[in-house]
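> predicted coordinates and the sequence they were generated for:
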Amino acid sequence: MDRQVLEINRGLIRRFASTVRTLCAGQGIEPTAVVKGYNALDEVTDALYDAGYRSFASSRTAHLKKVKSRYGNAETMALRVPMQSEAESVVELTDISLNSELAVISLLDEAARKAGKIHKVILMRDLGDLREGIFDRDRFVEAATMVETGYRNIRLHGIGANLSCYGTVVPTAENLSELAANAAEIETCIGRKLDAVSGGSSTSLYLALAGAMPRGINHLRVGGANLMRSEARDIPDDALPELTDEAFVLRAEVIEAGLKPTHPIGRLGTDCFLKTKAFEDRGVRKRVILAVGAFDIGDHAALAPLDSGVKLLGCSSDHLIADVQDSAHEYRLGDTIPMALRYQAMLFSTATGHIEKKFV
């Protein structure tokens, strides 16, 4: 059996998530917990539930099916705008879905009618990050009015925006004020308040902490910031001192250790992923190979060794190479090196069956 172990600290996660919920509540914001990043592992969802979450979201309906079967009273939200082919499953497994296409909403309406349900929709506005959402403001308001009045089994639950995921556009008081203004205009058109004005994800938390979240934003979709400090971006360390990056720790086994040159020898081309690389010649140094790779964790930069003397150099599909010259520990064959995870490594390592999960 592989000796690669992912240790997941449920107590830390419960504490982190409770802190985030309290922060949001103080600003009049109701957060939904995103379960996608840890692949909806039941034990982690339990910790979020214990922290008070009753609304859970993912881009994968299989994740939400797990949540529904475990917590019948939980609200589920589909994060990725639905494919036409999955309209029926979205209606079956989710209470709310994010949408940007009226043609898809029509299919959801038909599926909801057949199922005897009312399905809630959050209509997405593109504020410049150029992922999902309606870009033109007038067309957005018009579409929201159509969702409100044009479908029998669809309810316009609210509006939302996504930032930082594709175009790297930072959530600000300025761009989220645009969303709040859209909400006010739509509410005037439909004659009622929207239930949710969803101002983004974990990257919007810093605005709430600073008291700079525009009035009218009352919902966030929080994933990584419930689980690790590195995902609570732009928040000063002293503002959330209890958050760390050690709720998820991967321990990987050393399968080779020795002295080697630091610059490859021979004519250079591309690596196994067709990327070119630059190498610094630092002479001969001690390095180790660990029995994990991109297959397990994605980019090696998504790992942070807990030993400050270990520097990760790169990985292939199944090998992670590290410089250990400056470590106070003498790493030998069979030793394991502990590494905290960043978001991508969490996403990959929780999905694979080749890494043992240990809950502590």
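In hand now; what should we look at? Computed from a predicted model, the values in this text were never measured in an experiment. Numbers count the residues shown, from 1 in each chain.
> endpoints of stretch 70-82, how far apart?
In stretch 70-82, first residue to last residue: 23 Å (Cα to Cα, to the nearest Å).
> low pLDDT regions in the stretch 1-150 of the chain?
Scanning the stretch 1-150 of the chain for pLDDT under 70 picks out 1-2.
> kindly list the main-chain dihedrals of the closest residue to Ile190 other than its chain neighbours?
Closest residue to Ile190 apart from its sequence neighbours, by Cβ to Cβ, 6 or more residues apart in numbering: Glu148 at 4.5 Å. (Glycine included, C-beta is placed from N, CA and C.) With angles defined as degrees, to the nearest 10, Glu148 sits at phi -70, psi -40.
> now for Glu148, how many residues are close by?
By the measure other Cβ atoms under 10 Å, the count of residues near Glu148 is 19.
> I'd say it and Glu187 touch.
No - contact criterion Cβ atoms under 8 Å: Glu148 and Glu187 do not qualify, at 10.1 Å.
> show the contacting residues for the residue nearest to Ile190.
Shown in contact with Glu148 (Cβ atoms under 8 Å, 6 or more residues apart in numbering): 156, 189-190.
> so which of the residues you listed belong to helices?
Counting by DSSP state H, the contacts of Glu148 place 189-190 in helices.
> between the contacts of Glu148, identify the one with the most neighbours.
The most neighbours of any of the contacts of Glu148, using other Cβ under 10 Å, belong to Leu156, which has 25 neighbours.
> does that residue have beta-bridge partners, and which?
Here Leu156 sits in beta bridges with Val121, as judged by DSSP bridges.
> helices of the stretch 1-150 of the chain, start to end?
For the stretch 1-150 of the chain, the helices defined by DSSP state H, counting those that start in this stretch occupy 10-25, 42-50, 61-70, 87-93, 102-115, 137-149.
> which one of the ones you listed lies nearest to Ala173?
The closest of the helices of the stretch 1-150 of the chain to Ala173 is helix 10-25. By Cβ to Cβ, the value is 16.6 Å.
> quick check: angle from that closest one to helix 42-50?
Angle, helix 10-25 to helix 42-50, by axes from the mean of the first three to the mean of the last three Cα atoms, to 10 degrees: 40 degrees.
> which other helices and strands contact helix 10-25?
Packing partners of helix 10-25 (3 or more Cβ pairs under 8 Å, 6 or more residues apart in numbering; DSSP states H and E): strand 30-34, helix 42-50, helix 205-209, strand 219-222.
> can you point out the buried residues in it?
For helix 10-25, burial by neighbour count (16 or more other Cβ atoms under 10 Å) applies to 10, 12-21, 23-24.
> from the chain's centre, how far out does it sit?
Taking Cα atoms, centre = their mean, to the nearest Å, one finds helix 10-25 lying 16 Å from the centre of the chain it belongs to.
> how about residues contacting it?
Contact partners of helix 10-25, identified using Cβ under 8 Å, 6+ apart, comprise 30-31, 33, 43-44, 46-48, 50-53, 205, 208-209, 220, 222, 225-228, 232, 240, 242-244, 246-247, 359-360.
> then stretch 130-147?
With Cβ under 8 Å, 6+ apart as the test, stretch 130-147 has contacts from 80-81, 98, 100, 102, 105, 121, 123-127, 154, 156, 159, 161-162, 165-167, 178, 182, 185-186, 189-190.
> neighbours of Thr145, just the number please.
Using other Cβ under 10 Å, Thr145 has 15 other residues around it.
> and it, how far from Gly26?
Using Cβ to Cβ, to the nearest Å, we find Thr145 at a distance of 33 Å from Gly26.
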